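# I'll drop the sequence and a predicted model, then ask my questions.
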Amino acid sequence: MHEVFNQPPPLEPCDLFTGDAVLTAAVARENAGWAAHDLAALGALLGTPDTIRLGFEANRNPPQLRAFDRYGHRLDEVEFHPAWHRLLTIAMAAGLHSAPWAAPRAGAHVARAAGCYMLVQVESGCYCPIAMTYGAVPTLRQSDALAAEWLPRIFARDYDPRCRPAAEKTAALIGMAMTENQGGSDLRTNTSRAEPDPGAGPRAYRLRGHKWFMSAPMCDAFLVLAQARGGPSCFFVPRFTPDGARNAIHLQRLKDKLGNRSNASSEVEFADAHAQLIGEEGRGIPTIIAMSNYTRLDCAIGSAGLMRQAVAQAIHHAAHRTAFQKKLVDHGLMANVLADLALESEAATVLALRLARAYDETDDAAAVWRRVVTPAAKFWICKRAPALAAEAMEVLGGNGYVEESGLPRIYRELPVNSIWEGSGNIMCLDVLRALDRMPEAAAVLRDELAEAARADARLAALVARLERRLADRAGQDETQARAFTRDLVLALQAALLLRHAPSAVAEAFCAARLTGEAVGAFGMLPAGTALRPIIARGAPAAA
Ligand SMILES: Cc1cc2nc3c(=O)[nH]c(=O)nc-3n(C[C@H](O)[C@H](O)[C@H](O)COP(=O)(O)OP(=O)(O)OC[C@H]3O[C@@H](n4cnc5c(N)ncnc54)[C@H](O)[C@@H]3O)c2cc1C
């Protein structure tokens with residue numbers, strides 16, 4: 001029998017909250033310190049071997065479409081593994097789908113963001129219906145009648161997986177269908193049609209058409225974009241009609257996806273489905289985009305969470321595995337790689353949590369953060385994340401390439417956050433549009449960066465470059481939208497780290513990311529960088 005040695009112990013149980021120094025500090029700083037107790041309980045629960053196993057099971061046993069029953073009647077149901085249901089039970093019990101709306105208070109969106117950041121580290125697919133339900137609330141509130149009927153169900157925390165009329169269930173989840181096969185970015189090309197159905201109520205319509213992506217199709221209702229006579233309009237489409245019949249939402253097939261495999265993403269046909277208009281005819285895109293800002297925030301939070309887990313696994317492995325008579329972490333070049341990964345993860349985390357705070361606040365600065373920084377953060381965090389995951393995987397060597405390590409799942413999952421809810425280019429163009437429409441944004445961002453720029457010449461130089469681009473309208477050159485957005489995010493991340501992180505972290509980030517050094521791959525931090533304290537800060541603490 002061969003001897004097994006020099007293999008690291010599994011990183012479990014793992015305390016995802018108190019074991020994460022960057023997260024706990026960000027939660028306290030961004031006004032959610034009051035939630036620390038509950039977050040610690042959630043982090044401990046998520047990090048148990050049992051919960052971690054659920055994530056593996058839910059992905060190893062992807063959902064199955066049951067389009068028809070044995071006699072040929074339409075069912076349009078999706079069957080999930082029990083692990084999926086248990087994960088959603090945990091997520092909803094923690095209020096991750098709606099707590100900031102159900103119990104608003106300073107820091108509520110930050111507290112929820114921290115919970116989601118931990119959830120995705122165990123399983124990301126179930127985050128999809130959680131994020132869409134959270135994002136749907138502001139749009140639903142545009143209809144008094146729908147809000148009165150549906151918000152109590154959405155605020156409830158007892159997950160109910162049954163395919164039943166929502167009135168019979170303990171809680172409800174909401175999905176969204178905008179994308180059609182001819183276009184997902186250019187929503188004006190939508191061809192689904194909506195005709196008024198006055199017999200069914202004053203704002204009732206019948207929906208006909210096809211959607212190319214509709215994720216989490218077992219949700220209890222969906223926000224759907226379709227063409228009415230007045231133009232693209234936003235509709236609320238429940239799974240069951242008001243008289244209790246199954247609505248004509250026909251699931252055609254489920255996508256065979258790169259990652260996100262625990263979650264179902266369907267192609268769907270609306271065959272005269274019952275729908276209710278939200279907002280005005282022709283105003284559907286701004287109405288439904290109110291939801292997209294929240295789901296874009298969630299893409300940034302989700303990717304930051306996955307980055308954290310990848311880095312935690314990498315540092316843990318390197319601390320236990322020996323090569324050439326030394327722990328991997330004690331080899332100079334590996335230390336450079338690990339420190340660089342930890343820097344990227346910390347920068348993503350502090351930015352995502354700071355951004356979440358903007359959703360708790362109502363002043364002008366918060367409005368600029370929500371409108372300008374949300375697409376910028378989504379672009380850059382989601383763009384950096386797959387590269388980080390690949391490098392973290394390599395730290396584990398061959399073990400990292402094997403499913404049991406969890407790294408392949410993280411790696412496969414990450415690109416979706418960059419693609420959906422506005423792909424990279426669309427986010428960067430949106431940043432330019434937002435800056436154009438918010439003349440006050442430049443001054444707000446300048447204020448945000450000023451103090452830190454005074455303390456660091458490299459940041460000051462970057463801020464000056466951003467200012468010039470804004471002033472001479474070169475910032476409106478769409479060919480440069482990615483470069484501009486990257487620089488804006490790097491400046492915000494550097495400013496946050498200079499203000500709040502240990503000096504070793506802030507100094508290394510500025511040296512590596514603001515000067516053009518250390519580009520091309522991780523592990524190129526300049527000579528003299530204080531690698532050890534950065535790694536120590538990123539190391540996961542045992543439960
Ligand atoms: C797993 C998964 C789940 C999804 N779930 C849902 C869901 O539940 N509901 C839903 O409605 N949609 C969903 N989507 C769809 C997703 O939102 C779209 O795929 C996305 O918005 C891009 O649209 P598209 O695929 O039509 O690509 P296109 O719009 O064809 O874009 C293709 C590429 O061109 C770029 N591009 C487009 N216009 C421009 C321009 N003007 N300048 C420069 N570049 C441009 C884009 O950035 C993108 O990279 C999901 C997608 C995935 C992968």
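Done, it's in. Residues are numbered from 1 along each chain as shown.

# Might you report the residue contacts of the residue in the stretch 151-300 of the chain positioned nearest to the ligand?
In the stretch 151-300 of the chain, the residue that lies nearest the ligand is G184 (2.3 Å; Cβ to the nearest ligand atom). Every C-beta, even on glycine, is put in place using the N, C-alpha and C of the backbone. Shown in contact with G184 (Cβ atoms under 8 Å, 6 or more residues apart in numbering): 178, 212-213.

# ok, residues contacting stretch 99-115?
The contact list for stretch 99-115, computed with Cβ under 8 Å, 6+ apart, reads 17, 23, 26-27, 30-35, 38-39, 42, 94-96, 134, 137, 151, 154-155, 297, 301, 352-353, 356-357, 359-360.

# Would you mark the buried spots in it?
99-102, 107-115 (16 or more other Cβ atoms under 10 Å).

# now swap in stretch 476-491 and tell me
For stretch 476-491, by 16+ other Cβ under 10 Å, it's 481-482, 484-491.

# Alongside the ligand, which residues does the stretch 251-400 of the chain contribute?
Proximity of the stretch 251-400 of the chain to the ligand, by Cβ under 6 Å from any ligand atom, involves residues 257, 260, 265.

# Look up the pLDDT of the second one for me, please.
N260 carries a pLDDT score of 98 in this model.

# give the contact list for it.
Applying Cβ under 8 Å, 6+ apart to N260 gives the contacts 124-125, 128, 412-413, 416.

# Compile those into a markdown table and extend it with columns for secondary structure.
Below are the contacts of N260 laid out as a markdown table (DSSP: H, G, I helix; E, B strand; the rest coil):
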| residue | secondary structure |
| --- | --- |
| S124 | coil |
| G125 | coil |
| C128 | helix |
| R412 | helix |
| E413 | helix |
| V416 | helix |
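
# Looking at those residues, spot the one nearest A511.
Distance to A511, by Cβ to Cβ, is smallest for E413 among the contacts of N260, at 30.6 Å.

# Give the full set of residues in contact with the residue nearest to the closest one when sequence neighbours are not counted.
Nearest residue to E413 in three dimensions, chain neighbours excluded: G259, at 4.1 Å (Cβ to Cβ, 6 or more residues apart in numbering). By Cβ under 8 Å, 6+ apart, G259 lies in contact with 124, 409, 411-416.

# before we move on, back to that, next up, phi/psi of the residue of the stretch 151-300 of the chain closest to the ligand, please.
phi -110, psi -30 (degrees, to the nearest 10).

# Point me to the residue of the stretch 1-150 of the chain nearest the ligand.
M132 (6.8 Å).

# Please identify the buried residues of the longest strand along the chain?
Counting residues, the longest strand found in the chain (DSSP state E) is strand 265-278. Under the neighbour-count criterion of 16+ other Cβ under 10 Å, strand 265-278 has 265-270, 273-278 buried.

# and the two most separated of the residues you listed?
Farthest apart among the buried residues of strand 265-278 by Cβ to Cβ are S265 and L277. That separation is 25.8 Å.

# Identify each buried residue in the helix or strand containing V505, please.
In the assignment (DSSP states H and E), V505 maps to helix 503-513. Applying a neighbour-count criterion of 16+ other Cβ under 10 Å, one finds 504-513 buried in helix 503-513.

# Over to stretch 463-476?
Of the residues in stretch 463-476, 463, 466, 469-470, 475 count as buried by neighbour count, 16+ other Cβ under 10 Å.

# which one of the residues you listed sits closest to the ligand?
For those, the residue nearest the ligand by Cβ to the nearest ligand atom is G475; the value is 16.4 Å.

# pLDDT value on that closest one, please?
For G475, the pLDDT comes out at 60.

# how about Y134, what does it touch?
Taking Cβ under 8 Å, 6+ apart as the contact definition, Y134 lies against 96-98, 100-101, 112, 294-295, 298.

# Could you measure from it over to E413?
Here Y134 is placed at a distance of 19 Å from E413 (Cβ to Cβ, to the nearest Å).

# thinking again about what came up before, for the helix holding V505, name the packing helices and strands.
In this structure, helix 503-513 packs against helix 332-358, helix 457-471, helix 481-500, helix 531-538, with contacts taken as 3 or more Cβ pairs under 8 Å, 6 or more residues apart in numbering; DSSP states H and E.

# Would you mind finding the most buried of those?
Mean neighbour count, computed with mean count of other Cβ atoms under 10 Å, is highest for helix 332-358 among the helices and strands packed on helix 503-513, reaching a mean of 25.

# following that helix, which helix or strand comes up?
As assigned by DSSP H and E, the chain's next helix or strand after helix 332-358 is helix 364-368.

# Give me the helices and strands touching that next one, please.
So helix 364-368, by 3+ Cβ pairs under 8 Å, 6+ apart, packs with helix 332-358, helix 441-455.

# Can you list the buried residues in that helix?
Judged by neighbour count (16+ other Cβ under 10 Å), helix 364-368 contains these buried residues: 365-368.

# circling back: when you check the ligand, which of the contacts of G184 turn up near it?
Of the contacts of G184, the ones that also sit near the ligand (Cβ under 6 Å from any ligand atom) are 178, 213.

# Go through the contacts of G184 and flag which are in strands.
212-213.

# which one of the contacts of G184 is nearest E451?
M178 (40.0 Å).

# ok, that closest one - how many residues close by?
For M178, the number of neighbouring residues by other Cβ atoms under 10 Å comes to 28.

# Now it. Nearest residue, chain neighbours left out?
L225 (4.6 Å).

# Could you identify the longest helix within this structure?
helix 284-320 (DSSP state H).

# Next, the angle strand 265-278 makes with that helix.
Relative orientation of helix 284-320 versus strand 265-278 (axes from the mean of the first three to the mean of the last three Cα atoms, to 10 degrees): 140 degrees.
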